Structure formats: C-alpha cells, structure tokens
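Enquirer: Fold the stuff below for me.
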Amino acid sequence: MMCRPPKPAAPLCPIINVPTLPVSILTVQQHATIRELPDVAFGFCGEPSCDVVCVGADGTLIRKDELSTRVGIKETEDPIPGCYCFEFTAEQIAEDLLLHTRSTIRPYIKEQVRAGRCCCEVTNPAGRCCLGNVSRTITQAQATQA
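Expert: Numbers count the residues shown, from 1 in each chain. Purely as a prediction, here's the structure:
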C-alpha cells in the first residue's frame, strides 16, 4: 500500500459551499463503505457541522454514515479519534496531559512520524498528518484544565 499518494485539486462542498481539502482516492477507498467510487478528484470537508466528509469532482457525496471510520472533527461523543495511526483518542490525549502536566503522547507520535512509522495520508480520513488534531486536542484540554 502506498502511503503518500498525490492529491489533486479538490471541489467545493455543495452543502455548505466551502472549499474542501484535497484527499487521495486511496484515502477515500480506505474509509468509505461504498465500494464503487468514481475515479475523480476528491476533497475532504472539514466543517464539523456538515455531515458530508468527502466530495467528488463529479458531485459524489460521502457522508459520515457511509464511512467505516469515525471522523474526529465531526464527532461529539467518545471515542473521538485523535491519532489514527497510533489509535489515540481525544480522551486519552486529554488524560495524558492531566496525568503528566504536559503531553507525552505528542512527542511519541512525532518520534514515530520521524521514523516513518505512520501512514496518516491514508489512515486519517482527512488525508493529513494527525499531529494537528493532537495539538488542537491538547490546547482544548489545557483550556479546560486551567
């Protein structure tokens, strides 16, 4: 399996009329329960309130309920994925911060990324490195714990 596929230009999400972020067809195939996907450019809709996750250039819409994977940014109930490669949840990331007063998970993930042991471009439905998700979760947990 190729972990860093090229990303073509992405379409607008027609539901909320915002640009999507390019995501590889391999990433979409990894998560979608729909087996017959068109061979077109796809985009990831990162708006938390929109139930569309992927938009195809041909108008194909893939919604949350058509995925085999929970999409962290679109979830409000635990378990909320924080890191897909190493399977850390937002709750685990927040608990780690509370237990150690600083994150031990983020440095661990960074070390694994440097060692080439991740495949975020495929395991994360957004097709991107999970460290951004982890950092946001840490920031939110710090604000809650303050």
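
Enquirer: The nearest residue to Ile73 once chain neighbours are set aside: how many residues sit nearby?
Expert: Among residues not flanking Ile73 along the chain, Pro48 sits closest, at 5.4 Å (Cβ to Cβ, 6 or more residues apart in numbering). Yep, even glycine has a C-beta here, placed from its N, CA and C like the rest. Pro48 has 11 neighbouring residues, counting by other Cβ atoms under 10 Å.

Enquirer: Next, Pro48: secondary structure please.
Expert: coil (DSSP: H, G, I helix; E, B strand; the rest coil).

Enquirer: Just confirm it contacts Lys74, I think it does.
Expert: Yes - between Pro48 and Lys74 a contact is recorded at 5.7 Å, counting by Cβ atoms under 8 Å.

Enquirer: where along the chain do the strands fall?
Expert: Assigned by DSSP state E, the chain shows strands spanning 12-13, 18-19, 21-23, 42-44, 52-56, 61-63, 81-83, 88-89.

Enquirer: And the longest one, how far out from the chain middle?
Expert: Averaging C-alpha positions (Cα atoms, centre = their mean, to the nearest Å) puts strand 52-56 13 Å from its chain's average.

Enquirer: With respect to Arg117, which of the strands of the chain lies nearest?
Expert: Closest approach to Arg117 among these (Cβ to Cβ): strand 81-83, 12.0 Å.

Enquirer: Can you list the strands that the closest one pairs with?
Expert: Counting by DSSP bridges, the strands paired with strand 81-83 are strand 88-89 (antiparallel).

Enquirer: And the contacts of the partner strand?
Expert: Here strand 88-89 makes contact (Cβ atoms under 8 Å, 6 or more residues apart in numbering) with 78-82, 105, 109, 134.

Enquirer: ok, and the most crowded of those?
Expert: Busiest of the contacts of strand 88-89 [other Cβ under 10 Å] is Gly82, holding 25 neighbours.

Enquirer: Give me the pLDDT for it.
Expert: pLDDT, Gly82: 96.

Enquirer: so who does the closest residue in space to Gly59 that isn't next to it in sequence touch?
Expert: Spatial nearest neighbour of Gly59, chain neighbours left out: Pro14 (7.3 Å); criterion: Cβ to Cβ, 6+ apart. With contact taken as Cβ under 8 Å, 6+ apart, Pro14 is in contact with 55, 59, 61.
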